[in-house]
Every structure is written in structure tokens, then in C-alpha cells.
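>>> model this:
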Amino acid sequence: MHLITMAHLGEAQALIDEFELKRISPHHFENGQLILLITGEGPFEAASLTSHILGQKEIKKVINLGIAGSLNKELAIGEIYPIRSIYLAIDGKPQFKTFKSFEKGLDTITSFERILRSEKAHALSGLADIVDREAWGVAFSAKNFSVPFECAKLISDQAGELGACELIREEAYSFSQKLSHYLKNQLNETTPAHQTKIDLPGFHFTFSMAHQFEDLLQKISLRENLRQEDILKSLPLEELRSLKLRPKERAGKLIECLEFKLDPLKEKLQAGLHKWKSPFEKQGLHLQTDPTWESPAVKISFEVQSNAEIKEKIDQLSQLDLWAFQQLRNGSFHVE
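Model (predicted):
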């Protein structure tokens, strides 16, 4: 599992969407392969929160990402640069201890205070090309726990210039998307060689979906002694492309096809579930069941705008037969 650290939730939003990360706490998100930690600003705050996670979880690598101010006017706004060395400045004074990230890249200095004036930015420009607020603290924790560390920064503004906050707010989601794309590329470079790189026009796979898709392909390939390319050819790609769905929804349908191919029983279960739910959902009752089929509970939701609609929903609920769902869970596919 990799630990991704970022200072602010705003710069992480596209990453949360792309990797389908679930909120564990206000500053902790994860999906089974990645943990995202929102550290806030300040090197010591970042070090404390990062250490807390490293002390609880088995982490293979720590990756610090986020926006940062440029101390070098030749750096382009919106570009992402790998970081080579990370320094620390307290009250504008450089501290002794430094940390390494990539072998090649730019140097950054983590400032204990925000750099809001050009003269303060100028004072730091002789030490590094980039200034941020948290990278040194994250690197400090990774070093203490002997976990590999990487850092990359997106240039959001020229440090110390007026109007920087307005620019960052306007470009926040665009910057976030670039950081998410960068991380996805970095993680793909470390994907095992046996896995297939997904390149299917009309389909969009998030990181989690891609991992699930490739895992299903591999399992079917081993079980049926088929090449993964031949399995892909057997899938209803053109039929799914013709549906009026978003690319991510098409990818979800394609994953479902592989799940049914791997486990035909699951297809029968889903068909039976659809047959049971459909009449009620057409009436506006949404029935949510456990996707793993482990829990017998059914969550029912609906919307009403009047007392008459409440009575109507009560009548509809009185016709709902949970016994039919329980029979389906027990293996009976003849649901009426």
C-alpha cells in the first residue's frame, strides 16, 4: 500500500474521484491500494500526521504531492516537477537537516511560514527553486520509519506575488486533475509486467477499476488457458460503446461482464435480483442490497412531497416480499 500526502483537500479532490477513495476521517481516505492523508500546512503538523499513519499501516512508499510556489521565474505555472532535495526554513533561516527524493529534479524548501511578500521569496530563492509548506515534515517521517519517499510539486504561482490566492482558487480543480494524472502515471510505471495496460476507446477506468479489470482478466486467462487478448475480443465492446453511457459507466459494465464470465452464478444472482427489484423501483422505491451478498438486510429509500404520496408508498411497501430476496440469497433463482 502507498501513502499519498497532500496539504489541502482541494488539491486532492480529483485524486479522490479518480482513485475512488473512501473517507475514513476528515483527513484520511483510502481504497485498499492507496491511503491519502491531508496533512494541512506546516512541516511539524505534516510530520505528526504522517508518523501516525506509518505507525499503524504497512506502507511500501510515501509520495508527497501538491501545489507549491515558484522561487524561479523560469518555472511554468501548471507544470509538475520531480523534487530532488528538500530543505527546511524556520523564520526564513535554513535548517541543517535535508532529505532526498528523486536523483534528478529541482530542490524545494519547506517554509515554516507562508511566503506572502516578494522580499521573503527572494531571500529563499538562493536555496531552492520551489517553496512549499509540508514536504520536509513528510520526508522526515518517512525517513524515521525507513520507508521510501518521493515528492513532486505543481507550480501554482510565483511565491510572494499579489493575487496568487485568487489564481489558485480559479485553477484549483485543473491543478488537482494534473496531480491525479501524474500519480496515475507514476503508479502505472510500477505495475507488474504480466498485467495488461488498458487502452479501450470509449471506456474510462479509474485506478481501482483498472486494477479490478486486470485482475479478472488474469484469473480468466489462467482458468481457461486463453490469452488476455482473446478474452478481450470475446467481450461485447461495440455493444457497450453503442449504449448512451458515460465512459466510466461503460467500464463498469465491462467489468461486470468479466465477473459473470468468471462466475456464471453471479450473473444468475444479478438477473434474479433485478427481476425482484424492478417492479418496485419503477414505482420510485430504491432497494439497496449488500453487493457481496453477505448481509440479508435491504435498505429502502424513496421521496415524497405529500401525505397522499406517503400513503401510496406504504401501500407499495406492503407488497414488498423480503422472503423472495432471502430465497435468492439461498440459491433459488425463480424469484416472482
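
>>> Which helix or strand lies directly C-terminal to the worst-scoring helix or strand of the chain on mean pLDDT?
Sorting the helices and strands of the chain by mean pLDDT, DSSP states H and E puts helix 164-170 at the bottom, at a mean of 66. Later in the chain than helix 164-170, the nearest helix or strand by DSSP states H and E is helix 172-189.

>>> Any chance you could give me that next one in PDB, C-alpha atoms only?
The C-alpha coordinates for helix 172-189 follow below in PDB (Å, rounded to 0.1, in the frame of the first residue of the first chain):
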ATOM      1  CA  ALA A 172      -7.900  24.500  -8.200                       C
ATOM      2  CA  TYR A 173      -9.600  21.600  -9.900                       C
ATOM      3  CA  SER A 174      -7.500  21.800 -13.000                       C
ATOM      4  CA  PHE A 175      -4.400  21.600 -10.800                       C
ATOM      5  CA  SER A 176      -5.900  18.700  -8.900                       C
ATOM      6  CA  GLN A 177      -6.600  16.800 -12.200                       C
ATOM      7  CA  LYS A 178      -3.000  17.200 -13.300                       C
ATOM      8  CA  LEU A 179      -1.700  15.900  -9.900                       C
ATOM      9  CA  SER A 180      -4.100  12.900 -10.200                       C
ATOM     10  CA  HIS A 181      -2.900  12.200 -13.700                       C
ATOM     11  CA  TYR A 182       0.700  12.400 -12.600                       C
ATOM     12  CA  LEU A 183       0.100   9.900  -9.800                       C
ATOM     13  CA  LYS A 184      -1.700   7.500 -12.100                       C
ATOM     14  CA  ASN A 185       1.200   7.500 -14.500                       C
ATOM     15  CA  GLN A 186       3.700   7.000 -11.700                       C
ATOM     16  CA  LEU A 187       1.800   4.000 -10.300                       C
ATOM     17  CA  ASN A 188       1.300   2.500 -13.800                       C
ATOM     18  CA  GLU A 189       5.100   2.500 -14.200                       C
END
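
>>> Give me the contacts around the following helix or strand past it.
Counting by DSSP H and E, the next helix or strand C-terminal to helix 172-189 is helix 207-224. Residues outside helix 207-224 that contact it (CB atoms under 8 Å, 6 or more residues apart in numbering): 18-20, 31-34, 184, 187, 194-196, 198, 205, 226-228, 231-232, 248, 251-252, 254-255, 258-259, 261-262. Where you see a C-beta, it was placed from the backbone N, CA and C, and this is true even at glycine.

>>> same deal with stretch 8-25?
Applying CB under 8 Å, 6+ apart, the contact partners of stretch 8-25 are 4, 6, 29-31, 33-34, 36, 38, 40-41, 65-67, 172-173, 175-177, 179-180, 183-184, 206-209.

>>> which of the residues you listed are buried?
Among the contacts of stretch 8-25, those scoring as buried are 4, 6, 29-31, 34, 36, 38, 40-41, 65-67, 172, 175-176, 179-180, 183-184, 206-209 (criterion: 16 or more other CB atoms under 10 Å).
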